[in-house]
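**Q** Okay, here's the prediction I keep looking at, along with the sequence it came from:
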Amino acid sequence: MEWQGSAEEHSMAANNTVGDVLRANGVSRRGFMKFCAATASMMALPPGMVSTVAAAIENARRPSVLWLPFQECTGCTESLTRSHTPTVEGLIFDAVSLDYHHTLQAAAGQRAEDALHKAMEENYGNYLLLVDGSIPTGDYEAYSCTNGHTHLSMLKEAAAGAAAIVTIGTCAAYGGIPKANPNPTEAVGVQDIIKDKPIINVPGCPPIPTVITGVLAHYLTFGTIPELDKFGRPMAFYGQNIHDRCYRRPFYDRGQFANSFDDEGAKKGYCLFKLGCKGPVTYNACATLKWNEGVSWPVQSGHGCLGCSEPDFWDKGSFYRPVSAAYWGDVKTIGITAAAGAAAALAAGALARGKQKKAQEEQA
Amino acid sequence: MSATMIPDYGVLGARAAAGVKPTTLSDDQQVARAKAAFIAGMTGDMATYLESCIHCGMCAEACHFYIATGDAKYTPIYKAEPLKKVYRRELAPMRWLYRLTTRDITVEDLADWQELAYDSCTQCGRCSLLCPMGIHIQSMIQVVRNGLEAAGMAPAELQALCEEQSDKASILGAGPDKLREVVERVRAQGIEVPLDKDQAEVMVLSSALDFLKDDGVVAATARIMNKVGADWTIRSDGFESANFGALAGDVRAQRRISNRIIDAAIATGAKKVIVAECGHAYPVLRWEAATLYGQELPFEFLSVAEFLGQELQAGRLKLKNAGNGASHVTFHDPCKIGRMGGSFDDARQVLDALGLKLTEMESHGRTNLCCGGGGGVAMLKSAQHIREQAFELKREEVERTGAQSVVTACNTCMQSLEMGKARLNWDKDVVNLVNLVSDSLA
Amino acid sequence: MNEGLYLQGMSLLDFARGPALRWAVAIFVIGVVWRLGALLLYKRQDLSRPRGATFAGGAKTLLTRSAPPHELEKDIKFQHYSGYAWHISMFIVLLFGTPHMLFFKGILGFGWPTLPTVYITVLSVLTTAILLVLLARRVMNPVLRKISTTDDYISWFMAFLPFLTGLMAYMHVTFGMRYETVLALHILSICLLLVWFPFGKLMHAVMIWPSRYKVGAAFARRGVRA
């Protein structure tokens, strides 16, 4: 992988391969191959590619990764790190040379900033930039700063030397909750600012940890940007509709629905469509990968999908309004339009009657 | 009854048409006049009907002319097309849209519709009973006639008769003088006819169409009126039931003609006016005359059948009961008296009192099939072919009843049945109700 | 109305469920009320003595016109029953498909039991098939050809489109489009129908009632059951 070259020369951290680190952390060969097989299948690779994936990851030089948190809630980082037990996914992160992550790193203040600039200089043009959180712009640029630097300026600076950018979470990808109406900070996602770098969006609020590491694994394995959908999301993880993959789908087809969160239908695990589940219009891997090491996921826990991996999901109406219930207007508007119609009808009717009266007088 | 009882309307029509001069109106004037008449004749009801048409074509299956010929142009709603077009462009609430997307009617359209509004519509109203949207199609075809007449495009036969009746109160020269002649002849038979009484309870109408060739119907009516002991008269200043203003589509002439009867009836102090067995005359007088006159009337119009039914119920009319089912008949409901008039049971009560076996046709009462000659069609030479085709449907229904005689209560229906009988050497007897009753007075 | 739909970042589905539908409903309401203005045209006062009660007769005809007497009905069996089949299955799909019920629930505030997907799918296929047959009939039958206008074909299309897009959405036959795109197209087809409704013959859904009433009243005045 070309971009690793200079990282290897300039960073001590880059001297070990991913495989070395994993072994040092007690990950068995069996466990590692299992992860590789899962990753390969997530990426829709043929089974024969599993060993390729394994070899690539094992031998990958630890790339320099910078993680810049902007206007965010740290939920995405929590998602990645608050796994119940150490996982291969977590350890992959140990395997990369995470040169800057101000939530996780020990260094603070000027030292932290020095580390960031050092990593940027050393790996200029080759490091992978991870971003979580949205970026305030315009008059509100200063609403989100780190050590006196606005996040907009930090993003521009860090992006300049990045080989690629991975946005972690819906805020970084599309603006997310900070961008929600009325968007008080004029927040936007990375793709709205950076136009000249490859960007991989890994949205979700938060994204599934496996998906984050899966995307990184792909990058480590192939050194390329995976196939993306129209929203810049890797097709391997965001190519499928929650509704199509939902284990409750048969209930939908049979017309069996939960009508409230505590009725018989809810207890029997019926479809949550009527309760506003956004599964039919949401693309993510929740229904297949699930959360917390495959323990459960929102729909399984009894709540409909919020559609958190979709752009502007916060502004698409109530989470509890069914997908098919549209925003038709209100009684007042209908009253006004009906009155307008009535006025037009009266005018048309009066004119027509005048015409008729004239014709009748001529006839009589 | 013989075929000579009723004069051949076709011959009468041709005689009348010979005197008509072609219109001197320019094309634009014709279109303008037709449009003005359409606009004047449109009502809120018709607008509602036109707004709701879904072009399903079901009305075709109600129309004897379509059923008989299978020709799509005889689809009833299609006959109202010019009215629909003018309504949409001139009066419809969405007229701005139609003005953008449709073209105006032309004089050629009007010429094409002459056949559709006159020759192929007997105004029988059967389509108005079938339409799933509830469109009163027949009433709109009448407005199409109004427009064509205003443009000088009514068929020559009807136009001539309309002008003559409107101006001279006569039909083919048969006016009050002719009536007096007929009355004299009937009196000569020993039948009392109170002509031109100053005051009477009941005023009886007749029609030149009845007595032009034969005095039979007048005589039969007089015998019945005398028998039931009515205080009655027949007025030479208001005796003509027929209204060629209505048939041609001239509203002014129609009003003038029906007002003569109303004025005569009011002058006589009549309580009842008996409309002769003349199909279109009944709805024209019973349902339209008061409105055109401009006020409610102090008397009621009755059809002959209705009057007979009432007298029978009141016990004043006594008939010879020929015995149970002595003769097997079927009854042809005249459209104008049944479907467009509302009188179905009166004639049947009379037939029952006569002790006749009545077998109904498949289409009877409100759904009866027209004989093919109503609404002035019998007068039109150009309509002869489709009229005969439509008659075939009637003949088949009569045949299926197995009855020997067809009874009816309208001289136009009589005419159609008699002509069909003569043309086809049909072995059925055709009888009108008045003569049947008059022959069986007890 | 103010459910937070903003043009920035709005997807086709957002557009369909929001602004498109709101405009369509507004045009629908204005148009329908406007077109009812036909009822305001000059009314001739009838001075003849009525033979029967007009109101009762008119009210009765609202229903009785759905079942014409046998002599008249025998020749229109196909139109009559295909019309019934199309309208009934259309209304079942419209009212008893779960997403549809939820759409109305959003407007009316109350819902009702619905049918499983399989019934709705079968009925939709049936309805679509009937529509195709009726179109073929309109094109081939001489009477219908004579009286058909562009309106008939537009209105047919407006009725057909929701079924086509609805089936595509329901059966996930999307020709490469995403589900929400098809759903958006489905809702847009409804918007299109609503917009066209007041201008074409779809308006018969409203006009049939005054029209039937009036013909019933006209006949009843003359003492004839209509």
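**A** Sure thing, it's come through.
**Q** which element is the residue in chain A that chain B sits nearest to on?
**A** Closest to chain B within chain A is A:A359: 3.9 Å, counting by C-beta to the nearest C-beta. Yep, even glycine has a C-beta here, placed from its N, CA and C like the rest. Per DSSP states H and E: A:A359 is located in helix A:331-363.
**Q** Now do that helix, average pLDDT.
**A** Averaged across helix A:331-363, the pLDDT comes to 92.
**Q** Show me what it is packed against.
**A** Under the contact criterion of 3 or more C-beta pairs under 8 Å, 6 or more residues apart in numbering or on different chains; DSSP states H and E, helix A:331-363 touches helix B:27-41, helix C:21-35.
**Q** And the strands in chain B?
**A** Assigned by DSSP state E, chain B shows strands spanning B:202-204, B:232-233, B:272-275, B:300-303, B:328-332, B:357-358, B:405-408, B:429-432.
**Q** try the stretch 101-250 of chain A
**A** A:127-132, A:145-146, A:149-150, A:162-168, A:199-202 (DSSP state E, counting those that start in this stretch).
**Q** mind listing what the closest residue in space to A:A119 that isn't next to it in sequence touches?
**A** Excluding the flanking residues, the one nearest A:A119 by C-beta to C-beta, 6 or more residues apart in numbering or on different chains is A:D99, at 3.6 Å. Residues near A:D99 by C-beta atoms under 8 Å, 6 or more residues apart in numbering or on different chains: A:11, A:13, A:64-66, A:115-116, A:118-119, A:123, A:127.
**Q** hang on, isn't A:I212 packed against A:L80?
**A** Yes. At 5.9 Å, A:I212 counts as touching A:L80 under the criterion of C-beta atoms under 8 Å.
**Q** most centrally placed residue in the chain?
**A** Defaulting to chain A. Centroid-nearest residue in chain A: A:P203, 0.4 Å away (criterion: C-alpha atoms, centre = their mean).
**Q** wrong one, I was asking about chain B
**A** B:H280 (2.0 Å).
**Q** contacting residues for that one?
**A** Counting by C-beta under 8 Å, 6+ apart, B:H280 touches B:123, B:242-243, B:246-247, B:336, B:374-376, B:412.
**Q** let's go with 10 Å and repeat that
**A** Shown in contact with B:H280 (C-beta atoms under 10 Å, 6 or more residues apart in numbering or on different chains): B:122-123, B:241-244, B:246-247, B:334-337, B:340, B:374-376, B:410, B:412.
**Q** can you check B:L356 too?
**A** Applying C-beta under 10 Å, 6+ apart, we find B:L356 in contact with B:321-331, B:348, B:350, B:403, B:405, B:407, B:436, B:440.
**Q** one more time with 8 Å, if that's ok
**A** By C-beta under 8 Å, 6+ apart, B:L356 lies in contact with B:322, B:325-329, B:407.
**Q** Likewise for A:S296?
**A** A:K290.
**Q** if you set the cut-off to 10 Å instead, what comes out?
**A** Residues in contact with A:S296 (C-beta under 10 Å, 6+ apart) are A:286, A:290, A:302.
**Q** Up against chain A, what does chain B have?
**A** Contacts of chain B with chain A, taken as C-beta under 10 Å from any C-beta of the partner chain, map to B:33, B:35-44, B:47, B:87, B:90-96, B:146, B:150, B:250-252, B:255.
**Q** Give the ChimeraX command for selecting the buried subset of those.
**A** The ChimeraX selection below is limited to those of those classed as buried (16 or more other C-beta atoms under 10 Å in any protein chain shown):
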select /B:33,35,36,37,38,39,40,41,42,43,44,47,87,90,91,92,93,94,95,146,150,250,251,255
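**Q** contacts with chain C among the residues of chain B next to chain A, please.
**A** B:39-44, B:47, B:87, B:91-94.
**Q** Kindly reformat the residues you listed as TSV containing distance to B:S206 and pLDDT.
**A** Below are those laid out as TSV (distance: C-beta to C-beta, whole Å; pLDDT from 0 to 100):
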residue	distance to B:S206	pLDDT
B:I39	37	95
B:A40	32	94
B:G41	30	93
B:M42	35	93
B:T43	33	92
B:G44	37	92
B:A47	39	95
B:Y87	39	96
B:L91	41	94
B:A92	44	94
B:P93	47	93
B:M94	49	92
